[in-house]
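Enquirer: The sequence and its predicted three-dimensional model are supplied below.
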Amino acid sequence: MKSSLYLCRQTTSAIKANEAQTFNTFINNRTMSQNNPLFEPIHGISLYDYSSANAKLANGVPVEAICSALGVEIPVWEDASQGWVQRMQEDADFIVISEMGTFFAQADQHPKLGHLQPAAGGGNAQNLQLLATDRYFYEELNGARSAAYEAGLDGAQWIQDNYGISLGDFQQVAMQWMEQQKNEAPEEMLQYVNHMEAKRQEYARKFADENGGNIADDVDF
């Protein structure tokens, strides 16, 4: 579903951009207001509904179960999804995406959707626990995912295939680490960023080798 893919890409982009120095300012300047038309529900589907539903979709919950829990038909959900995508595109201040990221991480607390789980398999619980407790492991997978995308692979799918961690689970853990990052000293934050970059380069070499070498190796300068 295009709107779900857009959400995943936008959430991933927001996480990568904000993991440096801009996230704190971005969050502190966020203004959520009931009078802001950007946050008006679309066909009765609020931003909290939309964000939580996409988190569940990313974890493998079928759209039919989500629509049933929300009490809407699939065409209504699809139309509302397109409406939220349009609002994000029109939101020059990124207020909607900021709030969406918060709601995305709180999907399990949603009163109607929180209990929904995929029909089969819950991913690799051990790796997921490690992702949530070991910052260096989290940054390693962040670097690996970036390297995979740069190599023309689906980074989220690569993590799913190799570690059993779904995109939705990864994004929720990412939001948790970003909350903790607010209290980190610049030196500590830089240490994690350097670790992620080192791992990105390491995996970039790995993917290049698997693909028969970096394309630049075949170009004469």
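Expert: Arrived safely.

Enquirer: what's downstream of the helix or strand bottoming out on mean pLDDT in the chain, the next helix or strand?
Expert: Least confident element among the helices and strands of the chain, by mean pLDDT, DSSP states H and E: helix 23-28 (a mean of 40). With elements assigned by DSSP states H and E, the helix or strand that comes after helix 23-28 is helix 47-58.

Enquirer: Mind listing residues that contact that next one?
Expert: Outside helix 47-58, the residues within contact range by CB atoms under 8 Å, 6 or more residues apart in numbering are 1, 3-4, 7-8, 39, 41-42, 45, 63, 66, 70, 77, 80-81, 84, 96, 99-107, 110, 112-114, 116, 166-168, 171-172. All C-beta atoms are positioned from the backbone trio N, CA, C, and that covers glycine.

Enquirer: if we go to 7 Å?
Expert: Helix 47-58 is contacted from outside by 4, 7-8, 39, 63, 66, 70, 80-81, 84, 96, 99-100, 103-104, 107, 110, 113, 116, 166-168, 171-172, using CB atoms under 7 Å, 6 or more residues apart in numbering.

Enquirer: Using PDB, list the CA coordinates for the following helix or strand past it.
Expert: Taking DSSP H and E as the definition, the helix or strand that follows helix 47-58 towards the C-terminus is helix 63-70. Included here for helix 63-70 are C-alpha records, laid out as PDB according to Å, rounded to 0.1, in the frame of the first residue of the first chain:
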ATOM      1  CA  VAL A  63      -5.100  -4.400   6.900                       C
ATOM      2  CA  GLU A  64      -8.400  -6.200   7.300                       C
ATOM      3  CA  ALA A  65      -7.800  -6.600  11.000                       C
ATOM      4  CA  ILE A  66      -6.800  -3.000  11.400                       C
ATOM      5  CA  CYS A  67      -9.900  -1.700   9.600                       C
ATOM      6  CA  SER A  68     -12.100  -4.000  11.600                       C
ATOM      7  CA  ALA A  69     -10.600  -2.700  14.900                       C
ATOM      8  CA  LEU A  70     -11.100   0.900  13.700                       C
END
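
Enquirer: Now do the buried residues in the helix or strand just after helix 63-70.
Expert: Following the chain from helix 63-70 toward its C-terminal end, the next helix or strand by DSSP H and E is helix 74-90. Residues of helix 74-90 classed as buried under the neighbour-count rule (16 or more other CB atoms under 10 Å) are Val76, Trp77, Glu78, Ala80, Ser81, Gly83, Trp84, Val85, Arg87, Met88.

Enquirer: by contact count, what packs against the helix ranked longest in the chain?
Expert: What stands out as the longest helix in the chain, according to DSSP state H, is helix 186-210. In terms of contacts (3 or more CB pairs under 7 Å, 6 or more residues apart in numbering; DSSP states H and E), helix 186-210 is packed against helix 135-150.

Enquirer: what does the helix or strand just after the helix it packs on contact?
Expert: Proceeding C-terminally, helix 135-150 gives way to helix 155-163 as the next helix or strand, assigned by DSSP H and E. Taking CB under 7 Å, 6+ apart as the criterion, the residues outside helix 155-163 that touch it are Asn124, Asn127, Leu141, Arg145, Ser146, Ala148, Tyr149, Ile165, Ser166, Leu167, Phe170.

Enquirer: Helix 155-163 vs helix 135-150, what angle?
Expert: Note on geometry: by axes from the mean of the first three to the mean of the last three CA atoms, to 10 degrees, helix 155-163 and helix 135-150 are set 130 degrees apart in direction.
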